[in-house]
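Novice: quick check, what structure comes out for this input:
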Amino acid sequence: MPSAKRLSPACALGLILALGVSAGSGQGARGDLRARVRAARSFALAIGDGTLAGNLSRRYARFDLVVVDGESASARDIAAIPRTGHALVLAYLDVGTIESYRGWYGAARRYRLDYWGEWGEWYANVNAPGYRSLLLKRVAPAMLAKGFDGLFLDNTDMTETHAAQKRGMRALVAGLSGLVHARGKLLFAQNGADVNWPLRRFYDGINFEDVSFSYDFGRHAYVSLPPGVVASNERTIRRFRRAGLEVTATDYLPPAAGGRPAIAVRNACSAGALPYVSDIGLSRVPSRPFICN
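Specialist: This next block holds a predicted model:
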């Protein structure tokens, strides 16, 4: 596989100048967004089917931090999501796998590795400079140009099962961090506590799924996690919080879940994370956000 390449200081400076943003102004704007995300009290991971339909102003009026699909959302959609006070909108971008329905699939398909049947997508060869260049020079800039406040990266943790891709993932995350922060915006990732811990300096925040409840694809059922696993997940949240990252937590439950959403919210809040609960397809957006007391 091609060796991973890191941005030299000269290249990083060139990237900032090419973007037309000074390092000072970018850091100042990012500091403002960091203050706003620290003040956030509610979160929505709204990337499922139908989450961009209807009156977005009404649907997301009560949420402070909203993640929507970076490709599907238009500039008009982003503008429609209320941005009063400290509200922020991040663009979901899957960097660790390749999805066949993406507009850049034709350019990305040559970098496919093995197939991930649960989600119907392929793991990505992030070691390939061409794949990283596709995301850094085409995909991510196009998303940010729509007016997002930053990026929300998914499947950076693919290196848990594809350890040979760690150098490439680090190079990609570092590149995206430079791109986003030069524009004064934020970078979030999710999951992969062990593999994302060494990358924490590149991120402003992280989301952890399955803190208290999860979905078992083998059984096709929602399940409660054992108390020991929940306690370990809470320790992980606290660890990343102490490192200075903002942390959100997403749990998966069916619509008729009884009192279980309250348990998920309580556990997330006790560890210092903003809670969210939805179905496994992330298509259900609650009318009222989950808020820590």
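
Novice: helix, strand, or coil at the residue nearest the centre of the chain?
Specialist: Residue closest to the mean C-alpha point of the chain, counted by C-alpha atoms, centre = their mean, is Phe152 at 2.8 Å. Under DSSP: H, G, I helix; E, B strand; the rest coil, the three-state class of Phe152 is strand.

Novice: per-residue pLDDT of it, please?
Specialist: Note on Phe152: pLDDT of 98.

Novice: now Pro82
Specialist: Looking at Pro82, its pLDDT is 84.

Novice: name all residues that make contact with it.
Specialist: 57, 60-61 (C-beta atoms under 8 Å, 6 or more residues apart in numbering). To be clear about C-beta, it is placed using only N, CA and C from the backbone, and glycine gets the same treatment.

Novice: same list (the residues you listed) but as TSV, adding neighbour count.
Specialist: Formatted as TSV, the contacts of Pro82 follow (neighbours: other C-beta atoms under 10 Å):
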residue	neighbour count
Ser57	11
Tyr60	23
Ala61	13
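
Novice: in a markdown table: the residues you listed, plus distance to Ala264.
Specialist: Listed next are the contacts of Pro82 as a markdown table, based on distance: C-beta to C-beta, whole Å:
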| residue | distance to Ala264 |
| --- | --- |
| Ser57 | 27 |
| Tyr60 | 20 |
| Ala61 | 23 |
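
Novice: for those, which one is nearest Ala174?
Specialist: Tyr60 (31.2 Å; C-beta to C-beta).

Novice: find the nearest non-adjacent residue to that closest one, please.
Specialist: Nearest non-adjacent residue to Tyr60, counting by C-beta to C-beta, 6 or more residues apart in numbering: Ile81, 4.8 Å away.

Novice: what do you get for Pro261?
Specialist: For Pro261, the spatially nearest residue (C-beta to C-beta, 6+ apart) is Val277, at 4.5 Å.

Novice: test my guess that that neighbour contacts Leu253.
Specialist: Yes - assessed by C-beta atoms under 8 Å, Val277 is found in contact with Leu253 at 5.7 Å.
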